[in-house]
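J.: can't give you the sequence, but here's the structure:
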């Protein structure tokens with residue numbers, strides 16, 4: 001099913017809102033010291049921003065790994081995002097998987113806090129690409 005321009009605009013706005021709202025949850029989780037949960041929210045906030053970008057450019061997001069591949073193909077390799085930004089997004093996904101699925105892994109404040117500002121920067125950069133279109 002193909003989206004009309006209006007439907008696409010609405011879905012992109014909803015994905016952007018989801019990215020920002022999900023990122024806002026990080027402050028609440030930080031106060032509670034829930035570092036694994038923060039890793040989950042950091043990844044999903046970035047994922048929704050990436051989905052907004054891909055959808056805004058008529059790309060269908062079918063999976064988390066597909067989003068990584070398309071982000072690299074259409075934005076990192078073309079220079080719209082840096083290689084470091086592409087790697088960071090992949091690292092967020094890996095960290096989320098560890099935090100969510102590895103019962104012996106416990107994220108620490110020391111490891112998690114630096115990712116918070118980097119994730120905000122990543123989201124801002126991705127959303128700015130949408131706004132430039």
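T.: In hand now; what should we look at? Source: prediction; values computed, not measured.
J.: From now on I want contacts and neighbour counts done on CA atoms only, so please keep to that.
T.: Fine.
J.: so what does the longest helix along the chain touch, helix or strand wise?
T.: The helix spanning the most residues in the chain, taking DSSP state H as the definition, is helix 5-32. Here helix 5-32 touches helix 35-56, helix 109-131, going by 3 or more CA pairs under 8 Å, 6 or more residues apart in numbering; DSSP states H and E.
J.: In the shortest one, which residues are buried?
T.: Meaning helix 35-56. 35-56 (16 or more other CA atoms under 10 Å).
J.: Taking helix 35-56 as reference, get the angle to the strand or helix carrying residue 94.
T.: Using DSSP states H and E, residue 94 falls within helix 83-101. Put simply, helix 83-101 runs at 130 degrees to helix 35-56, going by axes from the mean of the first three to the mean of the last three CA atoms, to 10 degrees.
J.: Turn the helices and strands packed on helix 5-32 into CSV, including mean pLDDT and distance to residue 93.
T.: Below are these laid out as CSV (pLDDT from 0 to 100; distance: least, CA to CA, whole Å):
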stretch, mean pLDDT, distance to residue 93
helix 35-56, 98, 6
helix 109-131, 97, 12
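J.: I appreciate the help and will end here.
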